[in-house]
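K.L.:
I would like the atomic coordinates for the input below:
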Amino acid sequence: MAEFTKAMKKTHTILLPDMLHYHNELLQAAFTACGYHMEILPETENLPEYSLPYISSDYCLPAVLILGQMLAAIQSGQFHPDKIAFMEPQTGGACRAGNYYNSIIESLKRAGYSQVPVISLNVSGEDKHAGFTITPKLLFGAIAAVCFGDLLMTLYQQVRPYESREGETEACWERWNKKLCEDIMTGKNISRRKRRRQYHQIVHDFARIPVEDRNLRRVGITGEIYIKYSPVGNGHLEQFLHGQGCAYRMGGFVNYAIYIVDSEWEDQKLCGAGRVVQKAYETVARYLCHIQQDINQSIAESGRFLPDADFQKMKALAAPILHRGCHTGDGWLVAAEVADLVEKGFENILIVHPFGCLVSHVCERGIMKKLHERYPNVNIQTVEYDYDSSETLRESRILLGISGLAGSW
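P.N.:
Got it, this is the predicted structure:
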């Protein structure tokens, strides 16, 4: 395995998959502030053609697309293989996508790029590299990036479908995204107190955008984390729904982050971990819940926008549908997001997930019967993404799904 050394921090570009579309540039700024040169992998057509010669076709779609992005970036000539490293976020657990770190390394070797380091982005300290360390500065910069990204995404999705002048919401988002990136890179206005002040200013600016009262079809989006957030993974689902005259919404990433910590905390308690370990997880979970409350309060105080349900309410929403012990992959959080979206008046729900994701089949398709029984007047459909299914077929099924005419597929 190629090592990412301390010297490489100055000479190499770290390439990150396009996984969190609304957060990418903000996270990039957090890494820049800590002396890393990071770029988001560019989107390329026909990604499976790059990756399938080196991995089995049985791999789940995120693995196929992310490895494809990596190989396409090298073969395009835009990045020299001697001057780059790849970063692969990992949550671990039973999810294959969170554990194909070694598969990526082996695939790069087979493709002739064994000199390219692959950095595992995880909080458990696995697969360390001398040139990459999660420092407090990087951690708090990333937390600010996620919080601001969630806020911008939530406001953008609630305003854009109803804007009176097309493009005004996009302009507001770009303006704030640029400013916040500069703040994160320079370390300004990112403390919790200063973030709260920024939240109010951001909400105020989005609330000033003129809107019209339109009777739009409302579509909630949830499901597997990569397909849900990444336009590479979901085939630009948001843009498609917008073009069909739909208002759409998806839950923020902060709830997912709390869910990961809370799930690990539950596992540690079941395994008999000591009080110090349990207290550490409890402290982190509570801190994340507090910063989530800051965002939600800023949104709710506007009187115009609806925040995501906080984590404790999400737990309560999921309880009648799926036990909280089911936290493999996206686990009970998908059920909670469906319930939250229904409470917010979304009459159509798309649960998106990749082909080959066994966790999604259990935790998403497995709850469909109970969801239909609990919400009989809501169109709730699963949408499976595969690399060899046509875009036209997938979009036709989505339209049928939100019209209440299609079953799960």
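
K.L.:
how far does the helix or strand of the chain with the lowest mean pLDDT sit from the chain's center?
P.N.:
Taking mean pLDDT, DSSP states H and E as the measure, helix 358-363 is the helix or strand of the chain with the lowest mean score, a mean of 77. How far helix 358-363 lies from its chain's middle: 18 Å, per CA atoms, centre = their mean, to the nearest Å.

K.L.:
List the buried residues in it.
P.N.:
359-360, 363 (16 or more other CB atoms under 10 Å). From N, CA and C alone the C-beta is placed, and that goes for glycine too.

K.L.:
what residues does that helix touch?
P.N.:
94-96, 223-224, 322, 326, 328-332, 334-335, 353-354 (CB atoms under 8 Å, 6 or more residues apart in numbering).

K.L.:
Please identify which of those is nearest to G235.
P.N.:
Proximity to G235 was ranked across the contacts of helix 358-363 by CB to CB; first place goes to P354, at 11.6 Å.

K.L.:
so what's the backbone phi/psi at the residue nearest to the closest one when sequence neighbours are not counted?
P.N.:
Of all residues beyond its chain neighbours, the one nearest P354 is L61 (3.5 Å), with distances taken as CB to CB, 6 or more residues apart in numbering. Backbone torsions for L61, taken as degrees, to the nearest 10, come to phi -60, psi -40.

K.L.:
In contact with L61, which residues are there?
P.N.:
Taking CB under 8 Å, 6+ apart as the definition of contact, the neighbours of L61 are 227, 233, 354-357, 385-387.

K.L.:
so of those residues, which ones are in strands?
P.N.:
Among those, the subset assigned to strands under DSSP state E consists of 354, 385.

K.L.:
from the contacts of L61, which is closest to I299?
P.N.:
For I299, the nearest member of the contacts of L61 is I227. The distance, counting by CB to CB, is 25.4 Å.

K.L.:
re the thing from before, which secondary structure elements does whatever helix or strand comes next after the least confident helix or strand of the chain contact?
P.N.:
Proceeding N to C from helix 358-363, the next assigned helix or strand is helix 368-374, under DSSP states H and E. On a contact count with 3 or more CB pairs under 8 Å, 6 or more residues apart in numbering; DSSP states H and E, helix 368-374 meets helix 331-343, strand 379-385.

K.L.:
just the helices in the stretch 151-300 of the chain please.
P.N.:
Under the criterion DSSP state H, counting those that start in this stretch, the stretch 151-300 of the chain contains helices at 168-186, 192-207, 225-229, 231-234, 237-243, 253-270, 275-300.

K.L.:
Need the contact partners of the fourth one.
P.N.:
It refers to helix 231-234. Helix 231-234 is touched from outside by 17-19, 21, 43, 47, 61-62, 65, 69, 226-228, 237-239, 352, 354, 385, with contacts defined as CB under 8 Å, 6+ apart.

K.L.:
and if you look at the third one?
P.N.:
Helix 225-229 has contacts (CB under 8 Å, 6+ apart) with 19-22, 61-62, 97, 221-222, 233-234, 250, 253, 256, 330, 352-354, 385.

K.L.:
now the residue nearest to P354: how far from F86?
P.N.:
Between L61 and F86 the computed distance is 18 Å (CB to CB, to the nearest Å).

K.L.:
How many neighbouring residues does the closest residue to L41 other than its chain neighbours have?
P.N.:
Once flanking residues are discounted, L41 sits nearest to Q69: 4.3 Å by CB to CB, 6+ apart. Here the neighbour count serves as a burial measure; for Q69 (other CB atoms under 10 Å) it reads 23.

K.L.:
contacting residues for Q69?
P.N.:
Neighbouring residues of Q69 by CB under 8 Å, 6+ apart: 17-18, 41-44, 47, 50, 232.

K.L.:
same question for the helix or strand hosting G401, mean pLDDT?
P.N.:
When elements are assigned from DSSP H and E, G401 belongs to helix 391-402. Taken as a whole, helix 391-402 has a mean pLDDT of 86.

K.L.:
Residue ranges in the stretch 301-409 of the chain under the pLDDT threshold?
P.N.:
Scanning the stretch 301-409 of the chain for pLDDT under 70 picks out the ranges 404-409.

K.L.:
swap in the stretch 151-300 of the chain?
P.N.:
Judged by pLDDT under 70, no stretch of the stretch 151-300 of the chain qualifies at all.

K.L.:
Just give the nearest non-adjacent residue to K10, would you?
P.N.:
Taking CB to CB, 6+ apart, and ignoring the residues beside it in sequence, K10 has G35 as its nearest neighbour in space, at 7.7 Å.

K.L.:
burial measure for that neighbour, as a count.
P.N.:
Other residues lying near G35 total 11 when counted by other CB under 10 Å.

K.L.:
Surely it forms part of a strand?
P.N.:
No - when the secondary structure is assigned by DSSP: H, G, I helix; E, B strand; the rest coil, G35 falls in coil instead of a strand.

K.L.:
How about L151, nearest residue that isn't a chain neighbour?
P.N.:
Using CB to CB, 6+ apart and skipping the chain neighbours, the partner closest in space to L151 is I295 (5.5 Å).

K.L.:
thinking again about what came up before, helix/strand/coil for the residue nearest to L41?
P.N.:
Three states are possible here, and by three-state DSSP the one that applies to Q69 is helix.

K.L.:
State the pLDDT value of it.
P.N.:
94.

K.L.:
And it, how far from V232?
P.N.:
Using CB to CB, Q69 is found at 7 Å from V232.

K.L.:
same check, this time on M87
P.N.:
Distance from M87 to V232, counting by CB to CB: 16 Å.

K.L.:
out of the two, which sits in the busier spot?
P.N.:
Legend: neighbour count by other CB under 10 Å for M87 and V232, higher for V232 (23 against 20).

K.L.:
How about the more buried one, nearest residue that isn't a chain neighbour?
P.N.:
If you skip the residues right next to it in sequence, V232 has D18 as its closest partner in space, 5.1 Å away by CB to CB, 6+ apart.

K.L.:
Tell me if I'm right that the one you found and L47 touch.
P.N.:
No - the pair D18 and L47 does not pass the contact test of CB atoms under 8 Å, sitting 11.1 Å apart.
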